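Enquirer: coordinates only, no sequence provided:
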């Protein structure tokens, strides 16, 4: 008799739990549906104000540009105000990057993905560094960009170590490709060097740099003129100086920057996707 009552009570409890879960799940789905409908209704009203969605998107872009233009004017006309704001924030949080360094890092630089992203991931790398090759060819950065939609963008910076005999010339060659064929070819060229470079000391041969550029439909005559005359040496040295200003210890190095708060974090080691994702989530808070 006791066992029969216990069984009935157990079954009753299971039914109650299942009913409760069903009610909670139904309420949650209903609430989510209502929130979505309300949000869609609000946005639809916003779109109607300026004759639908396409105009709304254009207006947003114009507003962004106006804000950036305004900030640029403030920086030029009242630099002391920017400095004062930065110093005030810096007193509260030492992990903020100076705006002048941020401007220098992004000046004349290809930013992959969404230019307006909240987070920038900046890779400092050497094309003859074994760990750099491993990280770059593992598609860590590309995967992060694809997973995070428009909230993250990516920048590549050269830091050729003096101990790697071909690294400086490889960086100069990549900058020649950038100047001649554009930023997208620049990253493609770097990717091919990383991919085709063998491990150990069998590095990519200097004499093959021109052929690689030609195979990518980069003008051979312009490339050879640029490369043989060392026309991009100063550009590479500029990125080297940026590396030193940030006190980065080694390569590969990743700088994760929150473009809204100037909060940043640097890690000088090979990163896997999960670690980089965690760093981004930490900086974005």
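Expert: Yep, that arrived. Note that the structure is predicted; figures quoted are calculated from it, not measured. Residues are numbered from 1 along each chain as shown.

Enquirer: now do the SS call for residue 270.
Expert: Using DSSP: H, G, I helix; E, B strand; the rest coil, the structure places residue 270 in coil.

Enquirer: lowest-pLDDT helix or strand in this protein?
Expert: helix 79-92 (a mean of 56; mean pLDDT, DSSP states H and E).

Enquirer: list the buried residues in the helix or strand following it.
Expert: Later in the chain than helix 79-92, the nearest helix or strand by DSSP states H and E is helix 99-106. Neighbour-count burial for helix 99-106, with 16 or more other C-beta atoms under 10 Å as criterion, is recorded at 99, 102, 105, 106. For every residue, glycine as well, the C-beta is placed using N, CA and C.

Enquirer: for the closest residue to residue 169 other than its chain neighbours, give its distance to residue 228.
Expert: Of all residues not flanking residue 169 in the chain, residue 206 sits nearest, at 5.5 Å (C-beta to C-beta, 6 or more residues apart in numbering). Remark: distance between residue 206 and residue 228 (C-beta to C-beta, to the nearest Å) = 11 Å.

Enquirer: what's the answer for residue 178, then?
Expert: 17 Å.

Enquirer: got it, and residue 277?
Expert: Distance, residue 277 to residue 228, by C-beta to C-beta: 42 Å.

Enquirer: does residue 105 touch residue 122 like I think?
Expert: Yes: using C-beta atoms under 8 Å, residue 105 is in contact with residue 122, at 6.5 Å.

Enquirer: and for these two, which residues touch both?
Expert: Shared contacts of residue 105 and residue 122 (C-beta atoms under 8 Å, 6 or more residues apart in numbering): 155, 157.

Enquirer: for the record, mean pLDDT for the helix or strand containing residue 143?
Expert: Under the criterion of DSSP H and E, residue 143 resides in helix 140-147. In this model, helix 140-147 has an average pLDDT of 89.

Enquirer: next one: stretch 268-285
Expert: Stretch 268-285 comes out at a mean pLDDT of 88.

Enquirer: can you pull the buried residues of it?
Expert: 270, 271, 276, 277, 279, 280, 283, 284.

Enquirer: rewinding a little: which of residue 206 and residue 228 has more residues huddled nearby?
Expert: Neighbour totals were compared for residue 206 and residue 228, and residue 206 leads with 13 against 10 (other C-beta atoms under 10 Å).

Enquirer: okay, that one: pLDDT?
Expert: Residue 206 carries a pLDDT value of 89.

Enquirer: not counting residues beside it along the chain, what's closest to residue 105?
Expert: residue 242 (6.0 Å).

Enquirer: the one you found belongs to a strand, doesn't it?
Expert: No: according to three-state DSSP, residue 242 belongs to no strand; its state is helix.

Enquirer: verify the stated contact: it with residue 107.
Expert: No: in terms of C-beta under 8 Å, residue 242 does not count as a neighbour of residue 107; the distance is 10.1 Å.

Enquirer: the two: who's more crowded?
Expert: Taking other C-beta under 10 Å, residue 242 and residue 107 do not tie; residue 242 has more neighbours (20 against 8).

Enquirer: mind checking how far that one is from residue 231?
Expert: Distance of residue 242 to residue 231, computed by C-beta to C-beta: 20 Å.

Enquirer: any chance you could map the strands in this structure?
Expert: 112-113, 119-125, 152-158, 253-258, 264-267 (DSSP state E).

Enquirer: returning to what we had before: tell me the contacts of the residue nearest to residue 105?
Expert: So residue 242 contacts 101, 104, 105, 157 (C-beta under 8 Å, 6+ apart).

Enquirer: circling back: any chance of the buried residues of helix 99-106 in JSON lines, with pLDDT and distance to residue 182 too?
Expert: Converted to JSON lines, the buried residues of helix 99-106 look like this (pLDDT from 0 to 100; distance: C-beta to C-beta, whole Å):
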{"residue": "99", "pLDDT": "85", "distance to residue 182": "28"}
{"residue": "102", "pLDDT": "88", "distance to residue 182": "24"}
{"residue": "105", "pLDDT": "90", "distance to residue 182": "20"}
{"residue": "106", "pLDDT": "89", "distance to residue 182": "17"}
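
Enquirer: looking at the residues you listed, which is nearest residue 195?
Expert: Nearest to residue 195 among the buried residues of helix 99-106 is residue 105, at 26.0 Å by C-beta to C-beta.

Enquirer: ok, that closest one to residue 141 distance?
Expert: Distance, residue 105 to residue 141, using C-beta to C-beta: 16 Å.
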